[in-house]
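[1] no FASTA, just this:
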């Protein structure tokens, strides 16, 4: 039991937290701006490198430098929206989707150009785990990721349900034309969508890099499970995307647990395929996701 | 508080050939005006044009002294114009309370609590459903939520696109009664309606469009009494 919790459950919840934080942005952008933002993974990577750059100047805990990563991703997101996505807004969605592929490549190439393409670590060395109740060995990073994501989920729920901007965002996600007829400031809603999506992408990038290492393909490699999480939670349902992130993360990690006999149920190298199977199955059997989101 | 709506020589469409041509009408402050006509006459397009959802090629729209023709859709609510579309007129995943709240964002009323109480007194059916998602309500209840949302900004003019479409006869009567209640508060109403006879019975003025052009206008009583109007637009029997 303790082996399951120490080596599978906490890592699964950590991966789930990373997916959840990334999937919120994907879901919100899809719900409000009506396109699949394929540059979201690379936005995450950009956030990681923003933190890495700040860490080179300030040798403190990298998590304290997350605001620098957020600032970089928010600036980058608002910049590409203003100059690349907004001019395409009135054209069929496919133009913006293809454009986001291009932006993904631009982000990745810029990262390689500025910081190089080799692996880099945010924290060197091994940190001893926390030992709880003399039984459970929990990595400090895992605990930080899970608690941070839980706090963000509560704050996000409050923002979306109790603030004027949050409710306006839900209104635009529900029906953009009616939102306009109701006089809502859709430009402000779009701006906040990018700010929240990009800021959370930076947090996800920080935990992803701390969990492994920083490299230019970090976010791109996580894009598929994050999309699966957004679809699972229901497009346009940020809280659903959070739940979807945890479910996909758990499914991926726990699929390699030795549920039957001594062998892993599914080889760990096929983890990503689990997310892919869940995504395809949902698109076929329940395209609105678990929380009745927008149909793709 | 209220101002006259004046539409003069309005020609508009959706980018192709015009759907409405050279339409002129005026709605006096605090009255109910109804736009009638056969399918495809351009009734809904006229309402959408007043609400800046089409492209205008000629003519003007004024509310009192203010020119609305060049206004963006989202700028109209702060100017005192609210609209209730025919379909998809509520935010389905949001509660009734949140739907009403959204109605105040573009033009916050002086005292939101008082306005909310006033709106709920017009729609008492909604009082017990404030925490329910609007998407789970019946068609008639959704129409009330949509009208409530439009009234939350304390508008001078409300545009209603077929408020009774698809409703049961019981709700149809309720909606017409509600329109009379709203008129008592001094709000001007311009609506498109398929239930022509009932609409003319409560309307101060009616405007009949045919093929996107003005056909005939008059008071509700005049139109109900007009032999041609009865024969062509009201099913032929005396009202």
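    Arrived safely, thanks for sending. In this text, all values refer to a predicted model and were calculated from it rather than measured experimentally.
[2] Run through the strands of the chain in chain order.
    Picked chain A for this. A:130-132, A:136-138 (DSSP state E).
[3] wrong chain, I was asking about chain B
    So, for chain B - with DSSP E - the strands run B:5-13, B:20-27, B:32-36, B:55-63, B:66-67, B:81-84, B:157-161, B:188-192, B:205-210, B:213-219.
[4] Deepest-packed of these, please.
    Most buried of these, by mean neighbour count (mean count of other Cβ atoms under 10 Å in any protein chain shown): strand B:81-84, with a mean of 27. Bear in mind the C-beta positions are built from the backbone N, C-alpha and C, glycine included.
[5] Which strands or helices does that one pack on?
    helix B:139-151, strand B:157-161 (3 or more Cβ pairs under 8 Å, 6 or more residues apart in numbering or on different chains; DSSP states H and E).
[6] Relative to chain A, which of these is closest?
    Nearest of the helices and strands packed on strand B:81-84 to chain A, taken as Cβ to the nearest Cβ: helix B:139-151 at 6.7 Å.
[7] ok and the closest one relative to strand B:157-161, angle-wise?
    For helix B:139-151 against strand B:157-161, the angle by axes from the mean of the first three to the mean of the last three Cα atoms, to 10 degrees is 150 degrees.
[8] Which one of the strands of chain A lies nearest to residue B:224?
    strand A:136-138 (78.6 Å; Cβ to Cβ).
[9] Enumerate the positions of the closest one that are buried.
    Residues residue A:138 are the ones in strand A:136-138 that count as buried (16 or more other Cβ atoms under 10 Å in any protein chain shown).
[10] So what are the sheet partners of it and their directions?
    strand A:130-132 (antiparallel) (DSSP bridges).
[11] Report the distance from the partner strand to the chain centre.
    Put simply, strand A:130-132 sits 28 Å off its chain's centre (Cα atoms, centre = their mean, to the nearest Å).
[12] With stretch B:140-151 instead?
    12 Å.
[13] what is the mean pLDDT for that stretch?
    For stretch B:140-151, the mean per-residue pLDDT is 94.
[14] any residues touching that stretch, and which ones?
    Contacts with stretch B:140-151, where a contact means Cβ atoms under 8 Å, 6 or more residues apart in numbering or on different chains, come from A:182, B:82-85, B:89-90, B:96, B:99-100, B:102-103, B:115, B:119-120, B:122-123, B:125-126, B:129, B:134, B:137, B:158, B:160, B:163-164, B:167-168, B:170-171, B:174-175, B:178, B:182, B:187.
[15] Export the strands of chain A as TSV, with columns for distance to residue B:34 and mean pLDDT.
    Below are those laid out as TSV (distance: least, Cβ to Cβ, whole Å; pLDDT from 0 to 100):
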stretch	distance to residue B:34	mean pLDDT
strand A:130-132	71	78
strand A:136-138	69	80
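[16] Distance to residue B:210 added to those, as a markdown table?
    Converted to a markdown table, the strands of chain A look like this (distance: least, Cβ to Cβ, whole Å):
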| stretch | distance to residue B:210 |
| --- | --- |
| strand A:130-132 | 79 |
| strand A:136-138 | 76 |
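[17] residues contacting the closest residue to residue A:159 other than its chain neighbours?
    Among residues not flanking residue A:159 along the chain, residue A:166 sits closest, at 4.4 Å (Cβ to Cβ, 6 or more residues apart in numbering or on different chains). By Cβ under 8 Å, 6+ apart, the contact list for residue A:166 reads A:158-160.
[18] Nearest the geometric middle of chain A, what residue?
    The centroid of chain A falls nearest to residue A:22 when counting by Cα atoms, centre = their mean (0.7 Å).
[19] Report the separation between it and residue A:248.
    11 Å (Cβ to Cβ, to the nearest Å).
[20] next one: phi and psi at residue B:85?
    Main-chain dihedrals, residue B:85, degrees, to the nearest 10: phi -70, psi 160.
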